[in-house]
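[1] 3D, please:
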Amino acid sequence: MEDSEAQQLPEIPLISQARLSSERAGQPRSSSRPAASHKDLTWNVLTVLVWVMIACTVMAFLSIYANPGSAVNLFQPGRAPTLASFVTIPTMTASPQPSSTVEVSPTITLTPTSTPSPTPTDVPTETATPGPSPTATVHSLYPFIQRGEIKVIDAATFPDHESCRLWVAGQAYDLQGAPMTGITVMLGGYLDRKTLYQLSLTGTALQYGQAGYEFTVADRPTPSREAVWVQLFDQAMIPLSNRIYFNTVEDCAQNLVLINFRQVR
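    The predicted model follows:
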């Protein structure tokens, strides 16, 4: 009987309570949905804006990096803004000033009068007195040099020279111009395919002077061009002068060559 009574209990109140509880629980849920959707939309818009700004920044950075001179770059290299580009300096325009007029007064011309000039007096002139002529400085490696020019004359001018031979002769002079004897004179070179080598001393051929020397070069005049020379030496055969070269001709009227030396130091 108890089981039958339990089965006969009405189930409607339980259903109604469940409906009431479900309706009560659903009312706050339906009222919070519009507020949550509004907040989600706001955050979504802000997120999109942030991403757009980030994308623009990245694109601007890449553009400046690829081309520093692009219009996006506000601080372009070599084009830094200066104060003058922002500040306009007023310029001053000069206004024309009234010109002053100068009046020129007439000038007075003075006529010069003749002034008597002083009479010139005779001034005694100085007469130059001739003095000793300056001696030219000679630069030479040797104490003796050639004196004057080489002369070619007829040997018949001197005694015992009537035959047609070829001679060389001359003298040597010291610093004072006096004849200097005892100096060795060497004759060398080539003539008529023969080698010449002869020695003499100044003072051994007195027909040419106190310090004269002489060489008999050949038995007949033979032409040559600077193939024969003479040179001075001391007793130790140390050169006292340079070699003096001369020419010879095939002429009995020009068969004596005269070469003189003088001391310079």
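[2] Would you map the strands across the stretch 101-250 of the chain?
    Shown for the stretch 101-250 of the chain, the strands assigned by DSSP state E, counting those that start in this stretch span residues 144-153, 166-173, 184-191, 194-201, 212-218, 224-233, 244-248.
[3] burial of residue 138, as a residue count?
    9 (other CB atoms under 10 Å). Placement of C-beta: from N, CA and C, glycine included.
[4] check contacts around it.
    145, 264 (CB atoms under 8 Å, 6 or more residues apart in numbering).
[5] mind running it again at 10 Å?
    Residues counted as contacts of residue 138 (CB atoms under 10 Å, 6 or more residues apart in numbering) are 145, 262, 264-265.
[6] farthest-separated two in these?
    Pairwise distances across these peak at 10.9 Å for 262 and 265 (criterion: CB to CB).
[7] anything in contact with each of the two?
    Counting by CB under 10 Å, 6+ apart, the residues touching both residue 262 and residue 265 are 138, 143-145, 175.
[8] Most neighbours of all the residues you listed, which one?
    residue 144 (22 neighbours).
[9] list the contacts for the closest residue to that one other than its chain neighbours?
    Spatial nearest neighbour of residue 144, chain neighbours left out: residue 241 (4.0 Å); criterion: CB to CB, 6 or more residues apart in numbering. Residue 241 makes contact with 140-146, 172, 183, 185, 230-233, 261-264, according to CB under 10 Å, 6+ apart.
[10] Burial check on residue 49, number of neighbours?
    10.
[11] Could you shift the numbering so residue one becomes 55, and keep it that way?
    Renumbered: residue one is now 55, and that last one reads residue 103.
[12] That one and residue 114: what is the separation?
    As judged by CB to CB, to the nearest Å, residue 103 and residue 114 stand 16 Å apart.
[13] thinking again about what came up before, buried subset of the contacts of residue 295?
    For these, a burial check counting by 16 or more other CB atoms under 10 Å picks out 196-199, 226, 237, 239, 284-286, 315-317.
[14] which one of those residues is nearest residue 300?
    Nearest to residue 300 among the buried ones among the contacts of residue 295, with distances taken as CB to CB, is residue 284, at 7.8 Å.
[15] I figured that closest one hits residue 239, correct?
    Yes. The pair residue 284 / residue 239 is scored as a contact, 6.1 Å apart, by CB atoms under 10 Å.
[16] residues bridging contact with these two, i.e. touching both?
    Joint contacts of residue 284 and residue 239 (CB under 10 Å, 6+ apart) are 222-224, 252, 254, 267, 269, 295, 313, 315.
[17] Reformat the residues you listed into TSV and put distance to residue 208 and pLDDT next to each item.
    Below are these laid out as TSV (distance: CB to CB, whole Å; pLDDT from 0 to 100):
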residue	distance to residue 208	pLDDT
222	14	97
223	13	97
224	16	97
252	22	97
254	21	97
267	19	97
269	17	97
295	27	97
313	16	98
315	23	98
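[18] can you list the residues you listed in a markdown table and add distance to residue 215?
    Below are the shared contacts of residue 284 and residue 239 laid out as a markdown table (distance: CB to CB, whole Å):
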| residue | distance to residue 215 |
| --- | --- |
| 222 | 12 |
| 223 | 10 |
| 224 | 15 |
| 252 | 17 |
| 254 | 16 |
| 267 | 15 |
| 269 | 13 |
| 295 | 25 |
| 313 | 16 |
| 315 | 22 |
